[in-house]
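Asker: this one's structure only:
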């Protein structure tokens, strides 16, 4: 069936589902010449064409995050693909419709995209992969599932459905979902980093649950880097490296938590390097987590840093206020008693750094209320959590930072929040963003909001720029150190 036949007379109404499927298949084929294979599999797996006429193509996506991402980064490639298929331009529109997106047939993935391999350090070609919903299972007999060598037990409540998604963790969540649906094919390795208590463990275990649900016979080894180090040392002492290597290299999914523990361990880094290569070249999925991104792990070999960046490195940030509110409401509902809005607001304002602290606060307040038979009120919260509230009192706020910056540079707050880009305004603004990021526990989005509603990428650019300047210019380093001390002293001059 020709595309011209499908579109003939379609100005008034969209073709039927079979015709739309044919058009969508053609568009997918054209799109794959525009973007990399792993990008296509991640962002177009849960999409489908729901309307087409002589002027417009409408594509259904799974959620608002995907809609925003496609609009921002893939609109032009889609327009070029439509031009190639139809011979004339089309307007691309997106709509959020999870049911239609979920019912979409698997995307037509072109074989062997050479652009998906690393340009930094080429490796041998990967073995052919099975359909994306399965893993290339190791032939190891009856031992499968979460292996006994793992030092964790999967928590049944750590599922994607129970994870509260917000601006601070949306991309990390989407990446984990993508890996769970197509392990060993996209974002390999997946590297998650962020401070403690922000949800890394929840996402890692959700990924494992999802893979086991799709592929029950998958072999998953999930352990801390410290355990890897201890196993390696023990194998050296016992002269039994072969058993060690068989244990780590005959798995379908290797999850290593706290990979930064490899710092300063040269021999262990060497062994992990070869383990990584063996799994990667066999098409097995590797997932790593750390408190820091790969480039900030001290003494980590450059070749390991390069490999950790081959797939996707993504950060889980401190939850913003709205996300903290959603977490509090969700956790209280799970415990059978939803807390009032004013109580959630108080907790979200006073506990802003750690999801575990939020959960602990909910447990303590609801437990005390149940034991005493009193209502959950703000006064009860202040009574139960006076130690926690006392610890957080006096921490520098964004207002403290803005005052110090405006006083030091002699600029107005309205100038920092304006669209002015002169160096006299842009530099203090970037300094303020850097200080807010390093001193407070605010997310990039929250910081951007205080500087005129700027995008998180603008804040990230400012932070990275100031880090670079501080490393290159001693005067800049001295300025940042001085301002930081002034802010933390609580006595701006």
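Answerer: Arrived safely. Since this is a predicted model, take the numbers as computed values, not measurements. Numbering: from 1, shown residues only.

Asker: hang on, isn't residue 249 packed against residue 278?
Answerer: Yes: between residue 249 and residue 278 a contact is recorded at 4.6 Å, counting by Cβ atoms under 8 Å. C-beta: built from backbone N, CA, C; applies to glycine.

Asker: neighbour count: these two, which is higher?
Answerer: Taking other Cβ atoms under 10 Å, residue 249 and residue 278 do not tie; residue 249 has more neighbours (18 against 14).

Asker: can you find the helix or strand of the chain with the lowest average pLDDT?
Answerer: Least confident helix or strand, the chain: helix 3-7 with a mean of 52, by mean pLDDT, DSSP states H and E.

Asker: following the chain onward from that helix, which element is next?
Answerer: Remark: after helix 3-7, the chain's next helix or strand is helix 17-31, criterion DSSP states H and E.

Asker: got the contact list for residue 460?
Answerer: By Cβ atoms under 8 Å, 6 or more residues apart in numbering, the contact list for residue 460 reads residue 444.

Asker: so it: helix, strand or coil?
Answerer: Secondary structure, DSSP: H, G, I helix; E, B strand; the rest coil: residue 460 is helix.

Asker: where does it land on pLDDT?
Answerer: On pLDDT, residue 460 comes in at 87.

Asker: what does the one 5 residues further on give?
Answerer: Looking at residue 465, its pLDDT reads 90.

Asker: shouldn't it be within a helix?
Answerer: Yes: Residue 465: assigned to a helix according to three-state DSSP.

Asker: which residues sit in contact with the closest residue to it other than its chain neighbours?
Answerer: Once flanking residues are discounted, residue 465 sits nearest to residue 430: 6.0 Å by Cβ to Cβ, 6 or more residues apart in numbering. Contacts for residue 430 (Cβ under 8 Å, 6+ apart) come out as 462, 465, 466.

Asker: does the first one touch residue 433 like I think?
Answerer: Yes: the pair residue 462 / residue 433 is scored as a contact, 4.0 Å apart, by Cβ under 8 Å.

Asker: ok, the residue positioned nearest the centre of the chain to residue 281 distance?
Answerer: What sits nearest the mean C-alpha location of the chain, by Cα atoms, centre = their mean, is residue 172, with 1.4 Å. Counting by Cβ to Cβ, to the nearest Å, the separation of residue 172 from residue 281 is 26 Å.

Asker: also residue 69?
Answerer: Using Cβ to Cβ, residue 69 is found at 30 Å from residue 281.

Asker: equivalent analysis for residue 162, please.
Answerer: Residue 162 sits at a distance of 35 Å from residue 281 (criterion: Cβ to Cβ).

Asker: now do residue 74
Answerer: To residue 281, residue 74 is 30 Å away according to Cβ to Cβ.

Asker: assess the claim that residue 46 and residue 101 are in contact.
Answerer: Yes: shown here, residue 46 and residue 101 form a contact pair, counting by Cβ under 8 Å, at 4.5 Å.

Asker: now for these two: what residues contact both?
Answerer: Listed contacts common to residue 46 and residue 101 are 61, 62; contacts here mean Cβ under 8 Å, 6+ apart.

Asker: how about the strands of the stretch 51-200 of the chain, start to end?
Answerer: For the stretch 51-200 of the chain, the strands defined by DSSP state E, counting those that start in this stretch occupy 56-61, 91-96, 145-146, 190-193.

Asker: looking at these, which is buried most?
Answerer: Comparing the strands of the stretch 51-200 of the chain by mean neighbour count (mean count of other Cβ atoms under 10 Å), strand 190-193 ranks first with a mean of 25.

Asker: give me the mean pLDDT for that strand.
Answerer: Averaged across strand 190-193, the pLDDT comes to 92.

Asker: likewise stretch 217-237?
Answerer: Taken as a whole, stretch 217-237 has an average pLDDT of 89.

Asker: for it, what is the distance to the chain centroid?
Answerer: Relative to the centre of its chain, stretch 217-237 is centred 25 Å away, using Cα atoms, centre = their mean, to the nearest Å.

Asker: and it, which residues are buried?
Answerer: Of the residues in stretch 217-237, those buried by neighbour count under the rule 16 or more other Cβ atoms under 10 Å are 218-225, 227-229, 231-232, 235.
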